[in-house]
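Novice: sequence and predicted structure are below.
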Protein chains: 2
Amino acid sequence: MKIVVDAMGGDNAPEEIVKGCILARDEYNINIVLSGKEQEIKKILDKNTTSNKNIDIINAEEVITNEEKPVLALRRKKDSSLVKALNAVKNNEADAIVSAGSTGALLSGGLLVIGRMEGIQRPALATLIPSMSGGFTMLIDSGANVDCKPEFLYDFAIMGSIYMQRVMDISNPRISLANIGSEKGKGDKLTNETYEILENSNLSLNFCGNIEARDILQGKSDIIVCDGFVGNMILKSLEGAVAALMGGIKTELTKSTKSKIGGLLIKPALRNFKNKFDYKEVGGAPLLGVKAPVIKAHGSSNDVAIKNALRQAKIFCESKVNPLIEESIMRR
Amino acid sequence: MKIVVDAMGGDNAPEEIVKGCILARDEYNINIVLSGKEQEIKKILDKNTTSNKNIDIINAEEVITNEEKPVLALRRKKDSSLVKALNAVKNNEADAIVSAGSTGALLSGGLLVIGRMEGIQRPALATLIPSMSGGFTMLIDSGANVDCKPEFLYDFAIMGSIYMQRVMDISNPRISLANIGSEKGKGDKLTNETYEILENSNLSLNFCGNIEARDILQGKSDIIVCDGFVGNMILKSLEGAVAALMGGIKTELTKSTKSKIGGLLIKPALRNFKNKFDYKEVGGAPLLGVKAPVIKAHGSSNDVAIKNALRQAKIFCESKVNPLIEESIMRR
């Protein structure tokens, strides 16, 4: 198996990306192709490993940034680390791609360069949210598509269910619709129509009805299905609240000597708690519905996060998620 | 001024509701009408005040619960505390209404009994979210309307702007659109069309463009405009994250003797922090766009929360928010 990695994407690229690839190669016995500035990559490899075995490089002199318009950047920067990595997958020189760079560019590239799977109208970004009960909850779509139709959300449910079974090892994963109330009949036109489709599906989906946004972190469902606009709002609200609270508590703790001492004593407890929510352990968010596994690693990924994203890409390939999705889509 | 209060609505009704009314009467010099079971209300009054001056009672033997279908309940329970309170406003026996009971029933009642203001197609629920910078940010609509059209969101912006100026005393309040990215052109059809309208409005609205959900708690805007489905998702995600984090940290703090001691030392700091997010200080969420001030107090309101909701209703009346909205709607 060969996985291509966008070595120049992410806040800590290329250093942490390359180091993560070395870790993954050593631990998972996979072949890695690094796409990016060859000289820089070589220097980091030389510094961090004695052997370049199973690591190839595709030289690419350009880098696509978060600030660029995705489609335009893909078209103009043919010599970018991302475009070259995407082409490697398209030309069957790699089985899967991992990038911590621009989400928009990776999503557009997955769609335009690698291409949609047959029968899938809208590939979706599936983010795995750590839950208070210890596991992960998938939020699909978490931002790739706006103005969704019910049939898109149906596909999100099918794809998410297969992924959670095969990659995250959850048997019969619970599927819920993000909604403003838990009873049937609540919500907007889109959720009501999607509810009907999911309830009457001929596939063996474990549809559990609606879920309110306040219950998402409680691990009451394995898969939360929604329009990408709504998914983005949920995800960013959660992120914003966690950041605001952790920051706010820290500020309060510095306000008196007593609380400063208390703060020192509870530091390990706070760290434990923070680790629960650690994106680095998940790896990344898969883009489901394209012809090859595409994993979006967190923008601030360090070497461990990249290693885990590569592990995820490996299981994604091995567990035949895509053939299973194709087969379900044909039967739906 | 006379404000009618649903004495039977809310988790702590009628005890805390009645006590809150006594506090408000004493502090703000307003007339209060309590709608609910007369005998129960009288007992609580007798226990908590020596004088029933400026407090009237409308006897109502029924109570509408959170579990009932709003419109059906309003139709069937003519002798409920909520329906009788709504009728008091409709018949000009009271200037405004406050309820901590079923949100759905109050919203439907505002619409069906009190009625929409002329020119307003969709009244909206405006929730005031405490921000990390100390003030409040209004989220409008936070759940009254799904499947909104751009012109509804335009009205939300107008109504929110007037309320924040007049009741919350913020001059030239900043208005933002909840969106998946900050640049113009991001988002779904609804937000894009609303953006155009807000940008080209002939009213002097302080439109500041898009805001991402992660920035909502940072106080970067005074008013966040969105569809009610989206608003509900944002609000419940924030609530869920705060609850999960506070709960999670508490659990971690009990895991070792060291963290237990630390936990005791930081208790005041945590309490300070929690107070920042205290809904009791805000009062409640106004339903904007109906003919009289309607305030939804938090379901778990205690006496202080009710007192503050009454203060808010009083300012809502005095500051002529509704005539100003009418005037703006006519000019838009």
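Specialist: Good, I have the coordinates.

Novice: does the longest helix seen in chain A come close to chain B?
Specialist: Taking DSSP state H as the criterion, chain A has its longest helix at helix A:228-253. Yes - contact of helix A:228-253 with chain B (CB under 8 Å from any CB of the partner chain) involves A:228-230, A:232-249, A:252-253. C-beta: built from backbone N, CA, C; applies to glycine.

Novice: in ChimeraX, select just the buried ones from the residues you listed.
Specialist: Of these, the buried ones can be selected in ChimeraX as follows, counting by 16 or more other CB atoms under 10 Å in any protein chain shown:
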select /A:228,229,230,232,233,234,235,236,237,238,239,240,241,242,243,244,245,246,248,249,252,253
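
Novice: so which other helices or strands are in contact with the longest helix of chain A?
Specialist: strand A:124-130, strand A:136-140, strand A:174-178, helix A:257-276, helix B:228-253, helix B:257-276 (3 or more CB pairs under 8 Å, 6 or more residues apart in numbering or on different chains; DSSP states H and E).

Novice: which SS state does the residue most central in space within chain A fall under?
Specialist: Centroid-nearest residue in chain A: A:Ala285, 0.6 Å away (criterion: CA atoms, centre = their mean). Under DSSP: H, G, I helix; E, B strand; the rest coil, A:Ala285 falls in the strand class.

Novice: that one bridge partners, please.
Specialist: Beta-bridge partners for A:Ala285, by DSSP bridges, are A:Lys296.

Novice: settle this for me: it is touching A:Leu125, isn't it.
Specialist: Yes - counting by CB atoms under 8 Å, A:Leu125 is a contact partner of A:Ala285 at 5.5 Å.

Novice: joint contacts of those two?
Specialist: Shared contacts of A:Ala285 and A:Leu125, defined by CB atoms under 8 Å, 6 or more residues apart in numbering or on different chains, comprise A:Ser142, A:Lys296.

Novice: contacts only, for A:Leu111.
Specialist: A:Pro123, A:Val290.

Novice: gap between it and A:Met330?
Specialist: 21 Å (CB to CB, to the nearest Å).

Novice: before we move on, what about A:Gln39?
Specialist: A:Gln39 sits 47 Å away from A:Met330, taking CB to CB as the criterion.

Novice: repeat that for A:Val33.
Specialist: Remark: distance between A:Val33 and A:Met330 (CB to CB) = 32 Å.

Novice: okay, the two: which has more neighbours?
Specialist: Higher neighbour count among A:Val33 and A:Met330: A:Val33, with 22 against 9, using other CB atoms under 10 Å in any protein chain shown.

Novice: did I read that right, that one in a strand?
Specialist: Yes - using three-state DSSP, the assignment for A:Val33 is a strand.

Novice: Provide a list of residues in contact with it.
Specialist: A:Lys2, A:Ile3, A:Val4, A:Val5, A:Ile55, A:Asp56, A:Ile57, A:Ile58, A:Ala85, A:Ala88, A:Glu93, A:Ala94.

Novice: beta partners of the second one?
Specialist: In this entry, A:Ile3 is beta-bridged to A:Ile32, A:Ala96, by DSSP bridges.

Novice: am I right that A:Ile58 is in contact with A:Ser35?
Specialist: Yes - A:Ile58 lies in contact with A:Ser35 (CB under 8 Å); the separation is 4.5 Å.

Novice: what touches both of these two?
Specialist: Counting by CB under 8 Å, 6+ apart, the residues touching both A:Ile58 and A:Ser35 are A:Val4, A:Lys84, A:Ala85, A:Ala88.
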